[in-house]
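1. fold the following for me, if possible:
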Amino acid sequence: MAKHNRKRKTRTQPRVDWSRFHWWIKGPKIPWSRVITTVMVVTVLMTGYVAMNWLMDRPIDAVVINGAFQRVSAIRLEEALAPHLRTSFLRADLHAMRAELAGIPWVENASVRRRWPGSIEVLVTEQRPAACWGERGLLNHRGELFVDDVKHVPVELPRLDGPEGSEGRVAMRYFQIQQRLEQRGMAAVSLRLDDRGAWEFQLSNGIRVRLGASAVDERIDRFFMALDQVLASQAEAVDYVDMRYTNGFAIGWKDRDPMHIQTAEDARPHV
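-> Residues are numbered from 1 along each chain as shown. You can find the predicted model right below:
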């Protein structure tokens, strides 16, 4: 039997390049500075979160009300704020508090702020009436009707009147006239706008001035020109001045017939 010689083939195992795993064998390099920084930041955030929760649940210790006011009572202010004080210091709605206070008659402005560690501070500015409106209303210096039924009307205030909704317009007209009168040492005690749109005002010396409904600014200018040139020296004898003429005016005297100062075409007063 023939023997066959066979060559044995050996398989060569591949060599492993352990240098590729050098980083794993030695272990990764840990950036300790970043780890420490991260831990510190997380700690601070957690501390702040806990402190914030504590503050959010902290009750309001006191309410401090400041301001020089006579018509508004501290009790009324406290009643308005009471429903908003049942929450915590940081959850208190300051905007709602301001709105509540601003809705109280005689309150012109109110500011509300938090004062550490647990107080609410309120500053109230009271309305200052500049004129009476109608029978019982009061206007401020912006011509806003802030009280429409006051019990006691200050007698020293000028009296303004007009159709509903005309408060600002009438007040602005009054302030313009009053400013020019003050320059002459005089004052207006009333101004009225009727339903037809006609204006009339009265001076402190009793003179009534009729302006009508048209060209009112021009007629006011002519009145002050007449006041300086004609009326000032005879003011005590004048009952009224009618400016409802195109280029002239009429003077009504207390003890004599009216005098017309006008051009030929101005025979009658105009609206």
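2. the strands in the stretch 151-271 of the chain, which residues?
-> Ranges of strands in the stretch 151-271 of the chain, per DSSP state E, counting those that start in this stretch, are 159-161, 188-193, 199-203, 208-212, 238-242, 249-253, 259-261.
3. mean pLDDT for those: which is lowest?
-> Ranked by mean pLDDT, the strands of the stretch 151-271 of the chain bottom out at strand 259-261, with a mean of 61.
4. quick one: low-confidence residue ranges for the protein.
-> For the chain, applying pLDDT under 70 flags the ranges 1-30, 32, 35, 48-57, 257-268, 270-271.
5. mind splitting it into its structural domains?
-> 62-126, 131-261 (automatic domain parsing).
6. apart from its chain neighbours, what residue comes closest to Arg136?
-> Nearest residue to Arg136, sequence neighbours excluded (CB to CB, 6 or more residues apart in numbering): Asp149, at 4.9 Å. C-beta coordinates here come from the backbone N, C-alpha and C atoms, glycine included.
7. can you tell me how far the one you found is from Arg210?
-> From Asp149 across to Arg210, the span is 30 Å (CB to CB, to the nearest Å).
8. I'd say Trp133 and Leu139 touch.
-> Yes: in terms of CB atoms under 8 Å, Trp133 counts as a neighbour of Leu139; the distance is 5.1 Å.
9. need the overlap of contacts for those two.
-> With contacts defined as CB atoms under 8 Å, 6 or more residues apart in numbering, the residues shared by Trp133 and Leu139 are 145, 160, 167.
10. OK, contacts around the last one?
-> With contacts taken as CB under 8 Å, 6+ apart, Glu167 has the following neighbours: 133, 137, 139, 143-145, 160.
11. who does the nearest residue to Arg173 once chain neighbours are set aside form a beta bridge with?
-> Leaving aside its sequence neighbours, Arg173 sits nearest to Leu191 (CB to CB, 6+ apart; 6.4 Å). Taking DSSP bridges as the rule, Leu191 bridges to Leu160, Phe201.
12. neighbours around Leu191, how many?
-> By the criterion of other CB atoms under 10 Å, Leu191 has 24 neighbours.
13. tell me who's in contact with it.
-> Neighbour list for Leu191: 158-161, 170, 173-174, 177, 199-202 [criterion: CB under 8 Å, 6+ apart].
14. which one among those gets closest to Gln229?
-> Using CB to CB, Ile177 is the member of the contacts of Leu191 that lies nearest Gln229, at 18.1 Å.
15. backbone dihedrals for the most centrally placed residue in the chain, please?
-> By CA atoms, centre = their mean, the chain has its centre lying nearest to Asn109, at 7.1 Å. Main-chain torsions, Asn109, degrees, to the nearest 10: phi -150, psi 150.
16. my guess is it contacts Ala102. True?
-> Yes: using CB under 8 Å, Asn109 is in contact with Ala102, at 7.2 Å.
17. the host helix or strand of Ala99 - contacts with which helices or strands?
-> For Ala99, the host element (DSSP states H and E) is helix 94-102. Helix 94-102 sits against helix 74-81, strand 107-115, strand 119-126, with contacts defined as 3 or more CB pairs under 8 Å, 6 or more residues apart in numbering; DSSP states H and E.
18. against which helices or strands is the second one packed?
-> Spelled out, it's strand 107-115. Strand 107-115 is packed against helix 94-102, strand 119-126, with contacts defined by 3+ CB pairs under 8 Å, 6+ apart.
19. how about a markdown table for those, with mean neighbour count and distance to Ile60 added?
-> Below are those laid out as a markdown table (neighbours: other CB atoms under 10 Å; distance: least, CB to CB, whole Å):
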| stretch | mean neighbour count | distance to Ile60 |
| --- | --- | --- |
| helix 94-102 | 16 | 11 |
| strand 119-126 | 17 | 6 |
